[in-house]
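Asks: Task: produce atomic coordinates for the following.
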Amino acid sequence: MKELAKTIEDLQAKLEAFRKKDIKLNEIQTRNIFIRPILESLGWDVANPDQVLEECPAFGAKSIDYALKLNDKFVLLIEAKPLDDPLGDGAIAQVIGYAANAGIAWCILTNGLRWKVYQILKGCPAPEMLLFEVSLDPRDAGAKSPQQLAQKMCLFSNEGMANQKLDEIGRDGNVLKAMDLLMADPPNTLINLVKVKAPGHDLAHSHVRESLKRIWASLRHSGASEEGPAQPASKKGPVTKPHTAGPPPGASGKHGKKGVFEESSHLQGKPQEVVDLFTALKTFCLSTRPGDVNELVRKMFISFRVGQTAFCDVVVQKKALRAYLYLDYSDLKEPPTFGRDVSKVGRWSPGTLELAIRQGSELKESEPLIQQSQDGRC
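Replies: Coordinates of the predicted model:
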């Protein structure tokens, strides 16, 4: 890992030198200067066709840039793009298509700086196949140290693939998604099992259901995910206090000075497409009433307000934005498929309508609801 961290440091220095001279790299140059050294530092012998095939004419493609093998079996495909390529939807669909056609579970799309790791899952939309992304660009929001980057990238090193590290993380993620679906509406079989196992209590069916939802929400926010702990809801509503001007009393720590938090702390380590999605949402919120809307960064979410009244609170996650609006779900004539009522679920924001926004089309569909939330409160 030390060798990889040193390689990343060297590449970051080269990147700054290229930028100062306004040098643009094509795909071949990007592969030679950035991608090849990374692969070699990850333990892949690029010159050995038993490990790495370059320009491999297979898998339904004219050629895949890198096809990585272990024990004569292809385990990872890598599609390379020029240094400044945005790695958009077309490129994502391309590399996922190659891997899916070949029956290979893992693929990476990279421009030398951004490395997007995808797990091929049947029936799953391409954005949800993204397992994680790392960026070597020190100018990116939430940039990590070379050592942190190396630790993450070692998951797809020669040794990491041999030890099936990506497979372990992928399985954990899939189980977590299944648990999210189960706990959103706990099935009767699970509820009955809990009732049998709960010591010394004759629990009502409905009470077990609500307890499971609250407990799972708390776990997901306190360590089972990248987010902070959710606050449990009571019969009178969430424990979270209504939104007020200023940060929580006595707040301090790595986010900044006492009681002061920064937007960058929420964006740190998030994939670029999620950062871009947040930027688009922020731009929309600020444009609804130019000069009147302000942004308040709190410890666990970012709030958009008119004066001191919040109308949209946003939790930035690795695969989605969770936007909390001040609307009653039951009042919506056609609720979006990515929305849900969280009035009885633990959460940080007082907003009771949650929108899980994963792509631009969903943000576009959310905009009228954000405007409705603002109109109803401000």
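Asks: From the structure, what's the count of residues near the spatially closest residue to Glu9 that is not a sequence neighbour?
Replies: Leaving aside its sequence neighbours, Glu9 sits nearest to Pro146 (C-beta to C-beta, 6 or more residues apart in numbering; 4.9 Å). Backbone N, C-alpha and C define where each C-beta goes, glycine included. Around Pro146 there are 20 other residues, counting by other C-beta atoms under 10 Å.
Asks: Same check on Lys282?
Replies: Per other C-beta under 10 Å, the neighbour tally for Lys282 reads 17.
Asks: got the contact list for it?
Replies: 295, 302, 304 (C-beta atoms under 8 Å, 6 or more residues apart in numbering).
Asks: In strands, which of the residues you listed appear?
Replies: 295, 302, 304 (DSSP state E).
Asks: The second one pairs with what?
Replies: According to DSSP bridges, the partner residues bridging Ile302 are Val297, Val314.
Asks: List the contacts of it.
Replies: The neighbours of Ile302, taking C-beta under 8 Å, 6+ apart as the test, are 263, 266, 278, 282, 295-296, 313-314, 316.
Asks: give me that answer again for 10 Å
Replies: 261, 263, 265-267, 278, 281-282, 285, 295-296, 312-316, 321, 323, 349 (C-beta atoms under 10 Å, 6 or more residues apart in numbering).
Asks: quick one: which of these sit in helices?
Replies: Judged by DSSP state H, helices contain the following of these: 263, 265-267, 278, 281-282, 285.
Asks: and these as a markdown table, adding distance to Ile33 and pLDDT?
Replies: As requested, the ones in helices among the contacts of Ile302 are exported to a markdown table (distance: C-beta to C-beta, whole Å; pLDDT from 0 to 100):
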| residue | distance to Ile33 | pLDDT |
| --- | --- | --- |
| Glu263 | 32 | 91 |
| Ser265 | 32 | 89 |
| His266 | 33 | 91 |
| Leu267 | 28 | 92 |
| Phe278 | 31 | 94 |
| Leu281 | 35 | 95 |
| Lys282 | 34 | 94 |
| Cys285 | 40 | 94 |
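Asks: Make JSON lines out of those residues and add distance to Arg171.
Replies: Output for these, formatted as JSON lines (distance: C-beta to C-beta, whole Å):
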{"residue": "Glu263", "distance to Arg171": "33"}
{"residue": "Ser265", "distance to Arg171": "30"}
{"residue": "His266", "distance to Arg171": "28"}
{"residue": "Leu267", "distance to Arg171": "28"}
{"residue": "Phe278", "distance to Arg171": "29"}
{"residue": "Leu281", "distance to Arg171": "32"}
{"residue": "Lys282", "distance to Arg171": "35"}
{"residue": "Cys285", "distance to Arg171": "37"}
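Asks: Check these and tell me the two furthest apart.
Replies: Distance extremes for the ones in helices among the contacts of Ile302: the farthest pair is Ser265 and Cys285 at 19.0 Å, using C-beta to C-beta.
Asks: More neighbours: those two, which one.
Replies: A count of neighbours by other C-beta under 10 Å puts Cys285 above the other of Ser265 and Cys285, at 25 against 18.
Asks: Let me see the confidence value for the residue nearest to the spatial centre of the chain.
Replies: Taking C-alpha atoms, centre = their mean, the centroid of the chain lies closest to Lys318, which sits 1.5 Å from it. Reported pLDDT at Lys318 in the predicted model: 89.
Asks: Secondary structure class of it, three-state.
Replies: What DSSP: H, G, I helix; E, B strand; the rest coil gives for Lys318 is coil.
Asks: ok, now how distant is it from His266?
Replies: 12 Å (C-beta to C-beta, to the nearest Å).
Asks: Could you say which helix or strand holds Ile104?
Replies: Following DSSP states H and E, one finds Ile104 outside all helices and strands.
Asks: need the contact list for the nearest residue to Asp85 once chain neighbours are set aside.
Replies: The shortest distance from Asp85 to any non-neighbouring residue, by C-beta to C-beta, 6+ apart, is to Asn111 (4.5 Å). By C-beta under 10 Å, 6+ apart, the contact list for Asn111 reads 25, 27, 30, 34-35, 79-87, 91, 135, 137.
Asks: 6 Å - rerun?
Replies: Each residue near Asn111 by C-beta atoms under 6 Å, 6 or more residues apart in numbering is listed here: 81, 83, 85, 87.
Asks: Could you identify the buried members of these?
Replies: Buried members of the contacts of Asn111, scored by 16 or more other C-beta atoms under 10 Å, are 81, 83, 85, 87.
Asks: Leu121: which of those is nearest?
Replies: Nearest member of those to Leu121, counting by C-beta to C-beta, is Leu87, at 19.5 Å.
Asks: Go ahead and report the secondary structure state at that closest one.
Replies: Following three-state DSSP, we place Leu87 in the coil state.
Asks: For it, give me the pLDDT.
Replies: Looking at Leu87, the pLDDT reads 92.
Asks: Spit out the contact partners of it.
Replies: 109, 111, 114.
Asks: Now do the last one against Leu149, distance only.
Replies: Spelled out, that is Arg114. If you measure Arg114 against Leu149 using C-beta to C-beta, the figure is 11 Å.
Asks: sorry, back to before: in PyMOL, how would I select just the buried ones from the contacts of Ile302?
Replies: Buried subset of these, written as a PyMOL selection, criterion 16+ other C-beta under 10 Å:
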select buried, resi 261+265+266+267+278+281+282+285+296+312+313+314+315+316+321+323+349
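Asks: Quick check: Arg340 is in a strand.
Replies: Yes - with three-state DSSP as the criterion, Arg340 is part of a strand.
Asks: Please look at it and Leu353 and confirm they touch.
Replies: No - taking contacts as C-beta atoms under 6 Å, Arg340 lies outside contact range of Leu353: 7.8 Å.
Asks: Who has more neighbours out of the two?
Replies: Leu353 (23 against 16).
Asks: residues in contact with the more buried one?
Replies: 325, 327, 329 are the contacts of Leu353 under C-beta under 6 Å, 6+ apart.
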